[in-house]
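Novice: build me a structure from this.
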Amino acid sequence: MRAVIVEQPGGPEALTLVERDTPSPGPGEALVRVAAGGVNFIDVYQRSGAYPLPLPFVGGNEGAGTVVEVGEDVTGPAAGDRVAWAMVPGTGYAEEVLVPAARLVPVPDALDLEVAAGSMLQGMTAHYLVNSTFEAREGQTALITAAAGGVGLLLSQLLRDKGVRVIGTVGSPDKAELARANGCSDPVLYRELDLAAEVHRLTDGHGVHVVYDGVGKDTFDAGLDSLRPRGTMVLFGAASGPVPPVDPQTLNQAGSLYLTRPSLAHYGTEREELLWRAGEVLGAVADGSLTVRIGDRYPLAEARRAHEDLEAGGTTGKLIIVP
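Specialist: Alright, predicted model coming up:
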């Protein structure tokens, strides 16, 4: 089978297409034929060495496909089942992968496997952000950075459906229209405007209840300045780079603010919670109440280009690799 591996950390050129023997599932594992794998910033961090993994490793952390066979002591998925997974390193950029059976979730029959692959990591991220990290409620106002990105589009929809007003940063008029179509009532061209000043103008000087920031260095300070007293900064990513250390006194002076740095890895470790989040996300995508936009599809041989496009910041929606 073919797989894209990283032998040494580096830029997109570190992704190499190779031929490998098809692995056999061990106890508790399932061999899955991959229909599609998602492309995410965590893949970039692992490839670059920012998040070190044992070398060499297969790229990718999420996907969807069909179970080929299972190892011993597997009581859930069986051969022929349509499944999806997320946050499992080394399981996205290959034709066949081994996945711990406990990390597999069923895919509804009505849902295309490529769309399921593009729904898992970003969909469950949006789910935990609005339901658990900060439980958004009707009548509140939220600021989302990168509102036209994969997570941003999903966050906007979920917040809109909860009755939350959404302000979102975008980089172009086209992205503003896309964000608006997905629930962001007030897209802001943040490179052309003072973000915090615009947020306070839009909220009559009050600020927002919560900021969901997946960009990091370029938007963090303006996000803090956009919050109302006792507001919550949810920093869930660092697409523009890591945020410098923050003096806790800054949070006090800005109005007794809350700051958290969550990760999906801590919001789905238990099987019951994983099935709940994935079930709600995949079910909503299947019935049309949540729309996942597949921005681009790449064959395995073009995994490098997928990373280049993602890091360039010009993409919208979800990028997937299709073996």
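
Novice: how about the strands in the stretch 51-200 of the chain?
Specialist: Using DSSP state E, counting those that start in this stretch, the strands of the stretch 51-200 of the chain run over 57-58, 63-70, 82-85, 96-100, 105-106, 141-144, 165-170, 186-189.

Novice: thought V322 was touching A301?
Specialist: No - the pair V322 / A301 is not scored as a contact, 11.0 Å apart, by C-beta atoms under 8 Å. For the C-beta atoms, the positions are set from N, CA and C on the backbone; glycine is no exception.

Novice: who has more neighbours out of the two?
Specialist: Remark: of V322 and A301, V322 carries more neighbours, 16 against 12, as counted by other C-beta atoms under 10 Å.

Novice: distance check, the more buried one against V67.
Specialist: Distance of V322 to V67, computed by C-beta to C-beta, to the nearest Å: 18 Å.

Novice: then F134?
Specialist: F134 is 36 Å from V67, by C-beta to C-beta.

Novice: okay, the strands of the stretch 51-200 of the chain in JSON lines with distance to P245, mean neighbour count and mean pLDDT next?
Specialist: As requested, those are exported to JSON lines (distance: least, C-beta to C-beta, whole Å; neighbours: other C-beta atoms under 10 Å; pLDDT from 0 to 100):
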{"stretch": "strand 57-58", "distance to P245": "30", "mean neighbour count": "19", "mean pLDDT": "98"}
{"stretch": "strand 63-70", "distance to P245": "35", "mean neighbour count": "22", "mean pLDDT": "98"}
{"stretch": "strand 82-85", "distance to P245": "34", "mean neighbour count": "26", "mean pLDDT": "98"}
{"stretch": "strand 96-100", "distance to P245": "36", "mean neighbour count": "21", "mean pLDDT": "98"}
{"stretch": "strand 105-106", "distance to P245": "37", "mean neighbour count": "20", "mean pLDDT": "98"}
{"stretch": "strand 141-144", "distance to P245": "22", "mean neighbour count": "29", "mean pLDDT": "98"}
{"stretch": "strand 165-170", "distance to P245": "23", "mean neighbour count": "26", "mean pLDDT": "98"}
{"stretch": "strand 186-189", "distance to P245": "27", "mean neighbour count": "20", "mean pLDDT": "98"}
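
Novice: any idea of the mean pLDDT in stretch 35-46?
Specialist: Stretch 35-46 comes out with an average pLDDT of 95.

Novice: contacting residues around the helix or strand hosting I320?
Specialist: Here I320 sits within strand 318-321, counting by DSSP states H and E. Strand 318-321 is contacted from outside by 4, 36-39, 60, 92-93, 114, 117-119, 122, 150, 292-300, 303, 306, 309-310, using C-beta atoms under 8 Å, 6 or more residues apart in numbering.

Novice: check stretch 39-56 too.
Specialist: So stretch 39-56 is contacted by 5-12, 14-15, 57, 59-62, 89-90, 92, 121-122, 237-239, 298, 306-307, 310-311, 318-321 (C-beta under 8 Å, 6+ apart).
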